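Student: my questions are about this predicted structure, shown below with the sequence.
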Amino acid sequence: MNKKALLYTALTALLCLLVGCGRQKEPEQFEKQALYFDTVIQIRFYADENGEELMQRCMEMCDAMEKTFSRTDSESELYAVNHRQQDTVEVSAGIAELVKVGLDYYEKSGGKFDITIAPLSDLWDFKSEDARVPEAGAIEEALQKVDAAKVHVDGNVLRFDSPDTMIDLGALVKGYAADRLKAYLTSQGVTSGLINLGGNVLAIGTKPDGSNWNIGIQKPFGDYGDSSAVVEVDDQTVVSSGIYERYFEQNGVLYHHILDPDTGYPVQSDIEGVSVISDTSLTGDALSTSCLALGFEEAKELIGKIEGAEAVFVLKDGTLAYTDETMR
């Protein structure tokens, strides 16, 4: 090779090193926090230069879903369902899907997961700085309106046996939203990301370097970020529920936001917190609430019936229990 050719080859090799000849551009991280679904959400993913557009679309999706599923927004679709003037109502595919899932877990949980809990939810205000236990008479009156067996779904049509029946989909909405956001992002080529909807953490694939995501399980009543355990996930979701999330104390008694449709008061079980690891966040949402209401033994039995689901329990005696011991 003559000197000119040798010099040309050397310069070409140097240029390739400088500009990344033949290599694709590394994906950029995009991250945003916002307030939706009554909590702070965080979406992080890795994409090329269209990441800002993808993030904007994610925010628009969250806004649309909140306007569909909000129980308290007078302009939402669910509000219209709860203030219906007839026994049958045609609803969007999203509401029909969540009602179906809710009724399914009503059966699976022996009635402990009940989407008609809304009259009781209206009584218990866990957001107030002066939260108090409602009057016993008011609780008893609200209880008469709670019964998911009075709701029926056929396609996109809901039928109610009682005009007093009202629906609360709050225990399912974040799971549904996380799954929808993931489906959108993956359809746009995103292969790595983390969606955190206030206790619903969904991993898209692995980290950019190919390693698993490490998800901390909140220590009940600990500082934010204090973990009882850490689980590794790859393209899965970790959904947590606990009596430590929203609560108040009155006369030395702790009252938390997971209400028992049989008593009208917060559920009493041996579980302080439960984290469900599953393939979809909607499944994790339904299971985590059901498990907390059922108690450890029945919850373990329920988890065992759901393919691909595992759980970590933080019991009131401080011990950790796993449905899969290899997760320790």
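Tutor: Ah, there it is.
Student: what mean pLDDT would you report for the helix or strand residue 61 falls within?
Tutor: Element membership for residue 61, per DSSP states H and E: helix 51-69. Helix 51-69 carries an average pLDDT of 97.
Student: which helices and strands sit right next to the next helix or strand after that helix?
Tutor: For helix 51-69, the following helix or strand on the C-terminal side (DSSP H and E) is helix 77-82. Helices and strands touching helix 77-82, by 3 or more CB pairs under 8 Å, 6 or more residues apart in numbering; DSSP states H and E, are helix 51-69, helix 93-108. All C-beta spots, glycine's among them, are computed from the backbone N, C-alpha and C.
Student: now find how far off-centre whatever helix or strand comes next after the last one is within its chain.
Tutor: The one in question is helix 93-108. Next helix or strand after helix 93-108 toward the C-terminus (DSSP H and E): helix 118-123. Helix 118-123 sits 21 Å away from the centroid of its parent chain (CA atoms, centre = their mean, to the nearest Å).
Student: cool, and stretch 146-158?
Tutor: 22 Å.
Student: I'd like to know the average pLDDT value across it.
Tutor: 98.
Student: quick check: the gap between residue 174 and residue 286.
Tutor: 11 Å (CB to CB, to the nearest Å).
Student: do residue 76 as well
Tutor: In terms of CB to CB, residue 76 sits 21 Å off from residue 286.
Student: who has more neighbours out of the two?
Tutor: With neighbours defined as other CB atoms under 10 Å, residue 76 and residue 286 compare such that residue 286 has more, 28 against 17.
Student: just checking, what packs against the strand or helix carrying the more buried one?
Tutor: Per DSSP H and E: residue 286 is located in helix 281-294. In terms of contacts (3+ CB pairs under 8 Å, 6+ apart), helix 281-294 is packed against helix 93-108, helix 170-187, strand 200-205, strand 237-242, strand 271-278, helix 296-304, strand 310-315.
Student: do that again at 10 Å, thanks
Tutor: Contact here means 3 or more CB pairs under 10 Å, 6 or more residues apart in numbering; DSSP states H and E; on that basis helix 281-294 packs against helix 93-108, helix 170-187, strand 192-197, strand 200-205, strand 237-242, strand 271-278, helix 296-304, strand 310-315.
Student: right, and the ones you listed - which one's nearest residue 33?
Tutor: strand 192-197 (9.1 Å; CB to CB).
Student: packing partners of that closest one?
Tutor: Using 3+ CB pairs under 10 Å, 6+ apart: strand 192-197 touches strand 28-36, strand 39-47, helix 51-69, helix 170-187, strand 200-205, strand 213-218, strand 237-242, helix 281-294.
Student: run the last query once more with 7 Å
Tutor: strand 39-47, helix 170-187, strand 200-205 (3 or more CB pairs under 7 Å, 6 or more residues apart in numbering; DSSP states H and E).
Student: specify the angle between it and helix 51-69 in degrees.
Tutor: Strand 192-197 and helix 51-69 are oriented at 30 degrees to each other (axes from the mean of the first three to the mean of the last three CA atoms, to 10 degrees).
Student: looking at it, residue 267 is touching residue 291, isn't it?
Tutor: No - look at residue 267 against residue 291 with CB atoms under 7 Å: they stay out of range, at 10.6 Å.
Student: which one's more surrounded, the two?
Tutor: Between residue 267 and residue 291, residue 291 has the larger neighbour count (other CB under 10 Å), namely 29 against 20.
Student: and for the more buried one, nearest residue in space, chain neighbours not counted?
Tutor: Excluding its sequence neighbours, the residue lying closest to residue 291 (CB to CB, 6 or more residues apart in numbering) is residue 299, at 3.6 Å.
Student: same question, residue 282
Tutor: residue 175 is the one closest to residue 282 (CB to CB, 6+ apart), at 3.9 Å.
Student: would you mind measuring from that neighbour to residue 186?
Tutor: On the measure of CB to CB, residue 175 and residue 186 end up 17 Å apart.
Student: ok, now residue 46?
Tutor: From residue 46 to residue 186 the distance is 12 Å (CB to CB).
Student: comparing the two, which residue is more hemmed in?
Tutor: residue 46 (20 against 15).
Student: which pLDDT value belongs to the residue found closest to the more buried one once you drop the neighbours it is linked to in the chain?
Tutor: Spatial nearest neighbour of residue 46, excluding adjacent residues (CB to CB, 6+ apart): residue 27 at 3.9 Å. Reported pLDDT at residue 27 in the predicted model: 81.
Student: what is the burial count for residue 27?
Tutor: With other CB under 10 Å as criterion, residue 27 counts 18.
Student: spatially nearest residue to residue 206, not counting backbone neighbours?
Tutor: residue 234 (5.2 Å).
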